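Asks: Provided below for reference: sequence and predicted model.
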Amino acid sequence: EIRKNEVPAHVNMASWALAWCLENPAVTTVIPGCKDADQVIANAAAVDYVSDDHPQAWKA
């Protein structure tokens, strides 16, 4: 449902989820998987999706 309704077509689902974790003040630590260089790049790109506009953004 999230993939279909929230995640932009060009965005990796894992990056989108990681962005939510990075944006949420209740999350203090994130340990993403990094099996290869592509995953490292995708994980780093998640910071580009951290914003108050994220559909799952923390609303305090």
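Replies: Noted; the coordinates are in hand. Residues are numbered from 1 along each chain as shown.
Asks: was I right about residue 34 contacting residue 43?
Replies: Yes - judged on Cβ atoms under 8 Å, residue 34 makes contact with residue 43 at a distance of 6.6 Å. For every residue, glycine as well, the C-beta is placed using N, CA and C.
Asks: what about the two, which has more around it?
Replies: Ranked by neighbour count (other Cβ atoms under 10 Å), residue 34 and residue 43 place residue 43 first, with 17 against 12.
Asks: Tell me the spacing between that one and residue 4.
Replies: According to Cβ to Cβ, to the nearest Å, residue 43 and residue 4 sit 23 Å apart.
Asks: For stretch 18-38, give the mean pLDDT please.
Replies: Averaging pLDDT along stretch 18-38 gives 87.
Asks: Quick check: phi and psi at residue 28.
Replies: Main-chain dihedrals, residue 28, degrees, to the nearest 10: phi -100, psi -20.
Asks: Next, count neighbours for it.
Replies: 7.
Asks: Residue 15 touches residue 42, doesn't it?
Replies: Yes - between residue 15 and residue 42 a contact is recorded at 5.2 Å, counting by Cβ under 8 Å.
Asks: More neighbours: the two, which one.
Replies: residue 15 (21 against 17).
Asks: mind checking pLDDT for the more buried one?
Replies: Looking at residue 15, its pLDDT reads 85.
Asks: same deal with residue 57?
Replies: At residue 57, pLDDT is 62.
Asks: can you check residue 53 too?
Replies: Residue 53 is given a pLDDT of 67.
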